[in-house]
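predicted model and sequence below, questions to follow.
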Amino acid sequence: MQDLIHIEFIQLQRKVWHDNNIKDKVFQEGDLDLLYGSRFKEFKGKLMTSWLGPYLMEKYHDNGDIQIRTIAKEGIPFLFNGYRLKAYKRPLSREVFINTISKEVNVFGIVISSKSQSS
């Protein structure tokens, strides 16, 4: 009897841990997404990627299906399950990167100069 209680306790602990570590994917229409290419699963290589895209998300269905289309908006829209997609984060352009770094350096420099004046 104690063993059954112990097993149920361990299973409950695992369920709580698993539920806490699930990350919900949030998709919005107009976002860019990457599609998991399952045919590349067998070809594991150092520089191989299994994510295709980016694709433009057109419509989100209640059952988790997502309708995507190529960026050029040509061709037939595809319908995929949401678990095969992930959000695409656009890389920063050189100008945007330099602007954000310079703002951070300026803020950091102001903090350093105010501390050195107070000492």
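Happy to help now that I have it.

right, and Arg90 touches Leu32 too?
Yes - between Arg90 and Leu32 there is a contact under Cβ atoms under 8 Å: 7.1 Å. The C-beta positions use only the backbone N, C-alpha and C, and glycine is treated the same way.

more neighbours: the two, which one.
The neighbour comparison of Arg90 against Leu32 (other Cβ atoms under 10 Å) goes to Leu32, with 15 against 8.

next one: the more buried one from Asn99, what distance?
Per Cβ to Cβ, to the nearest Å, Leu32 is found 22 Å from Asn99.

where exactly do the helices run in this protein?
Using DSSP state H, the helices of the chain run over 2-20, 94-118.

any residues touching the strand ranked longest in the chain, and which ones?
Secondary structure of the chain read by DSSP state E shows that its longest strand is strand 51-60. Strand 51-60 has contacts (Cβ atoms under 8 Å, 6 or more residues apart in numbering) with 27-37, 66-71, 73, 77-78, 82, 85-86, 88.

derive a PyMOL selection command for the buried subset of those residues.
A single PyMOL command selects the buried members of the contacts of strand 51-60 (16 or more other Cβ atoms under 10 Å):
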select buried, resi 27+31+33+34+35+66+67+68+69+82+85+88
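
what is the burial count for Lys25?
Based on other Cβ under 10 Å, the number of other residues close to Lys25 is 12.

surely it touches Ala87?
Yes - when contacts are counted by Cβ under 8 Å, Lys25 is listed as touching Ala87 (7.3 Å).

contact partners for the residue nearest the centre of the chain?
Compute the mean C-alpha point of the chain, and by Cα atoms, centre = their mean the closest residue is Ala87, 4.7 Å away. Contact analysis of Ala87 by Cβ under 8 Å, 6+ apart lists 25-27, 31-34.
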